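A.B. asks: I'll drop the sequence and a predicted model, then ask my questions.
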Amino acid sequence: MLSVSHVGRRFPGGVEALRDASLRVSEADFLALLGPSGCGKSTLLRLIAGLDQPDEGRLSWDGRPPAPGDIGYVFQDATLLPWATAADNVFLPLRLRGVTRDAAMPDVRAVLHRVGLAGFEKARPRELSGGMRMRVSIARALVTRPRLLLMDEPFAALDEFTRHRLQADLLEVWRGAGCTVVFVTHSIYEAAFLAHRIVLMTPRPGRIDREIESRLTPSPETRLDPAYAALVAEVSRSMADALR
Amino acid sequence: MRWAPLLFGLLSLTMWEAAVRIAAVPVYILPGPVAIVGAFVADPLGLVASLASTLFVTFAALAVAAVLGAAMAVAMSASRLAQAAIQPWAVALQVTPLPAIAPLIIIWVGEPFVALVVCATIIAFFPMFANTAAGLASAPPELNDLFRLYGANRWRTMALLRLPAALPYFLTGLRISGGLALVGAVVAELVAGSGGFASGLAYRILEASFRLEMPRMFAALILLALAGILLNFGLGSLGQVILRRRGLA
């Protein structure tokens, strides 16, 4: 669906955030960009979203380029509107596209149900836990039925128990939604649990080092699967190797 | 515990009264609380009417400052050109001492009430402007990115993101400016009062000082302080109520 070819990005301060990055993202992929901070993974995500422009190289989309709503984006913080209810936060992307509230509400309710927040439509962000806020944020990204869901360390600020629940639920939501996911993380465990393809990135300057394919079929028991432990070990080794 | 402030106040007043009597301080230097209350009781309507006049100026100035300050902050945040044009003048307005320009304004404007409102507005304007401007810029960059991602134009972003984000800041500005508007009104009245128009509480203070009627002067001062405290408390409560309704407090 998307090719990134030889993309570079240098910030005005002179920092080279990304150098010569090439990547193919296919339909219904679940791809993790994994690396330590400063490796350009968030920069790459912003370039894919069109929130930033590359200095070198190009991004090309198969078929039509994405229209507003074709891309969903989830940030590290839930970044909800604090004055709006959960339903109104999820309604926001549709509202910005000119959909009326009445027309949008069935979809809003359905997607809140899908992320496990049925009954919380009227709750304000400050009444929700960190994990629930992140669920609202994911619902907001899904409500436009995006072809591509971009996630920038969405679970990094959550406690481990909540993170595990959300990771498992995300896989379920992803299968239901049938979209492509590019997921930025600095956690080897998270990348190994979630992704089909793990792209290792290294810092200074940020670049793509190598790619590891996962043959796991993720399920709630994955974490106990020896194959998962083996994958984590393989990724850890490769990462240590790449960072040397 | 609850009665501690009240008891402390009563004790202080008693000691004040006792000290004035024991030391036989002349009433034109420092009147005791009893004399002050006496002065108020002697002409309560006169003082309260003057207070009402001052408060009228205060609220008018606060309203004008709120509308003008918020409107200019919005204009500034919507356009770089407006920002470059407005900002230096707003700062210039803030650093100009009111007593220095009040005489000019009073001469130019002519109509006393309007002149007083203009003076008080000049003082009350800046916190409204600066707070609203800070609030409009307070939405996290991720939310601005999100609006861009969904193709929202500048005005949609203003209406759905920046204005609501600015509300708590605006309410804080309102509380600060409320007190300042009162100060501005009093300062303007003092300047105007020495030029001959007489209505507000500041003029009563001036008049009492000319006549060495210290108890009446103190009574007017205390009324003014009470009005300031009530104003601050009232605007603070108003802000709380609005924020609670919006789910922000």
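C.D. replies: Here it is on my side, so go on. Residues are numbered from 1 along each chain as shown, chains lettered A, B, ... in the order given.

A.B. asks: Surely A:Tyr73 is within a strand?
C.D. replies: Yes: the assignment for A:Tyr73 (DSSP: H, G, I helix; E, B strand; the rest coil) places it in a strand.

A.B. asks: quick one: contacts of the helix or strand bottoming out on mean pLDDT in chain B?
C.D. replies: Ranked by mean pLDDT, DSSP states H and E, the weakest helix or strand in chain B is helix B:80-95, scoring a mean of 83. Helix B:80-95 is contacted by residues B:72, B:75-77, B:122, B:125-126, B:129-130 when judged by CB atoms under 8 Å, 6 or more residues apart in numbering or on different chains. Yep, even glycine has a C-beta here, placed from its N, CA and C like the rest.

A.B. asks: buried set for that helix?
C.D. replies: B:86, B:90 (16 or more other CB atoms under 10 Å in any protein chain shown).

A.B. asks: do stretch A:197-216 as well
C.D. replies: A:197-202, A:205-209, A:212, A:214, A:216.

A.B. asks: Show me what from chain A comes close to chain B.
C.D. replies: Contact residues, chain A versus chain B (CB under 8 Å from any CB of the partner chain): A:46, A:49-51, A:68-69, A:71, A:73, A:75, A:77, A:79, A:81-83, A:85, A:92-93, A:95-97, A:124-127, A:144.

A.B. asks: B:Ser77 and B:Ala133 touch, don't they?
C.D. replies: Yes: counting by CB atoms under 8 Å, B:Ser77 does reach B:Ala133; the two are 6.3 Å apart.

A.B. asks: Same drill for the two, tell me which one is more crowded.
C.D. replies: Neighbours per residue, other CB atoms under 10 Å in any protein chain shown: of B:Ser77 and B:Ala133, the larger number sits with B:Ala133, 24 against 21.

A.B. asks: give me every residue that touches the more buried one.
C.D. replies: B:Ala133 sits next to B:73, B:76-77 when contact means CB under 8 Å, 6+ apart.

A.B. asks: The longest helix seen in chain B - contacts with which helices or strands?
C.D. replies: Determined from DSSP state H, the single longest helix within chain B is helix B:44-78. Using 3 or more CB pairs under 8 Å, 6 or more residues apart in numbering or on different chains; DSSP states H and E, the elements in contact with helix B:44-78 are helix B:80-95, helix B:112-136, helix B:163-194, helix B:201-210, helix B:214-245.

A.B. asks: Among those, which comes closest to B:Asp43?
C.D. replies: Among the helices and strands packed on helix B:44-78, the nearest to B:Asp43 by CB to CB is helix B:214-245 (7.5 Å).

A.B. asks: relative to helix B:163-194, how tilted is that closest one?
C.D. replies: 170 degrees (axes from the mean of the first three to the mean of the last three CA atoms, to 10 degrees).

A.B. asks: so A:Thr144 sits right up against A:Pro93, yeah?
C.D. replies: Yes: using CB under 8 Å, A:Thr144 is in contact with A:Pro93, at 5.0 Å.

A.B. asks: can you name the farthest residue from the center of chain A?
C.D. replies: A:Asp102 (29.1 Å; CA atoms, centre = their mean).

A.B. asks: Need the residues that contact the helix or strand that residue falls within.
C.D. replies: Counting by DSSP states H and E, the element that carries A:Asp102 is helix A:101-114. When contacts are defined by CB under 8 Å, 6+ apart, helix A:101-114 is touched by residues A:86-87, A:90-91, A:94-95, A:118, A:120-121, A:136, A:139, A:142-143, A:173, A:176.

A.B. asks: how about stretch B:181-189: buried residues?
C.D. replies: For stretch B:181-189, by 16+ other CB under 10 Å, it's B:181-189.

A.B. asks: and which of those is nearest chain A?
C.D. replies: Nearest to chain A among the buried residues of stretch B:181-189: B:Ala181, at 27.4 Å, using CB to the nearest CB.

A.B. asks: And B:Phe218, how far from chain A?
C.D. replies: 46 Å (CB to the nearest CB, to the nearest Å).
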